[in-house]
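Peer 1: Structural data only, the sequence is not supplied:
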């Protein structure tokens, strides 16, 4: 395989499989927006709660697809997602976005999870980037202001995980049940970095630039473990982490997102500082690579235990991260790793019968149909973005 063949296959996967699935199966024509869930056995649950993450990621994916292909059906889906995010998820009284609404669009979980605000900015800024729409930019900026006002820790740096609807302290800050209940996390910082970089593409605000730089420095100085090359995941207020975990998918994803943020800032001195660490983080992530080209999920160091499930999103980020190393560092070995992971995806994760991808391949090689096909966390963003990154980088 060569890079142009990869690009062609990515375009076919995106336009022939991933995007049609979300348009045809997840559009809620009865209650508006998009359905909350399709199970791993392809059962639609029309009354499932609707998550902010899912809606914002649909918004980003179809906005980006419209920017690349200018197809009206992609614009229509992106606009539907934008409208639903603003009309149902945005909190008109306190600002920010609700974590979830019910299937009719009424507020359900009203906490302010900063991760969700980040994805809303990511989607809205991409919609503005694709269309020039002023309303989308206005709401993206409002959410930036909310994060900076309520979540940023001016004393000890960084961003707290979550707050109540009214921006008060909240006991359970966890993003999901599998996370630790800590005040600051790598994952939320990564997904503030990512939308801030995208917002800076379309809004050259000096405060935004300052905070984007600060986020890059936080990754280099606080979040990255310089001894191992891995990112630490959970921190207290003082940036102390007592957890020994390795999340290979987050490592490889962060390697290219940190690089992207530095490239967006277009600062030579910053890039000279960041780029060696990009390669270092990616090399550490490769500890999770399997002989078949796939990447495992995570390792619990204290328990000497590795979760060897191959999750859909980890494979997508593995492809992008390695293509980034080839493109910017002329690393031909990394390109071969991207090809091999893509081969694994084609053989094991893509659902040729029903569309989209399965959640994961289990350690024993069986397909995971227990977890969602589409839902609160299963969105078109990782695999859709993988395709669009390859298409755009080599067009």
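Peer 2: Alright, I've got the coordinates. Note that the coordinates shown come from a computational prediction; the quantities given were computed from them, not determined experimentally.
Peer 1: Check the burial of the spatially closest residue to residue 135 that is not a sequence neighbour by counting its neighbours.
Peer 2: Spatially, and ignoring its direct neighbours in sequence, residue 135 is nearest to residue 86 (7.3 Å; C-beta to C-beta, 6 or more residues apart in numbering). Backbone N, C-alpha and C define where each C-beta goes, glycine included. Close neighbours of residue 86, defined as other C-beta atoms under 10 Å, add up to 18.
Peer 1: and if you look at residue 9?
Peer 2: 15.
Peer 1: does it sit in a helix, a strand or a coil?
Peer 2: At residue 9 the chain is in helix, as set by DSSP: H, G, I helix; E, B strand; the rest coil.
Peer 1: Can you give me the distance of residue 354 to residue 22?
Peer 2: Using C-beta to C-beta, to the nearest Å, residue 354 is found at 13 Å from residue 22.
Peer 1: Oh, that last question was meant for residue 152, not what I typed.
Peer 2: From residue 152 to residue 22 the distance is 33 Å (C-beta to C-beta).
Peer 1: Looking at these two now, which is surrounded by more residues?
Peer 2: residue 22 (24 against 16).
Peer 1: wait, that one sits on residue 58?
Peer 2: Yes: between residue 22 and residue 58 there is a contact under C-beta atoms under 8 Å: 6.4 Å.
Peer 1: Now for those two: what residues contact both?
Peer 2: 34, 77, 380 (C-beta atoms under 8 Å, 6 or more residues apart in numbering).
Peer 1: The stretch 101-250 of the chain: helices as residue ranges?
Peer 2: 114-131, 134-150, 186-202, 206-218, 248-265 (DSSP state H, counting those that start in this stretch).
Peer 1: Nearest approach to residue 5 belongs to which of the ones you listed?
Peer 2: Each of the helices of the stretch 101-250 of the chain was scored for nearness to residue 5 using C-beta to C-beta, and the closest is helix 248-265 (21.3 Å).
Peer 1: could you point out which element follows that closest one?
Peer 2: helix 268-285 (DSSP states H and E).
Peer 1: so that following helix versus helix 206-218, what angle?
Peer 2: Helix 268-285 and helix 206-218 are oriented at 40 degrees to each other (axes from the mean of the first three to the mean of the last three C-alpha atoms, to 10 degrees).
Peer 1: which other helices and strands contact helix 268-285?
Peer 2: If you count contacts as 3 or more C-beta pairs under 8 Å, 6 or more residues apart in numbering; DSSP states H and E, helix 268-285 packs onto helix 206-218, helix 248-265, helix 312-329.
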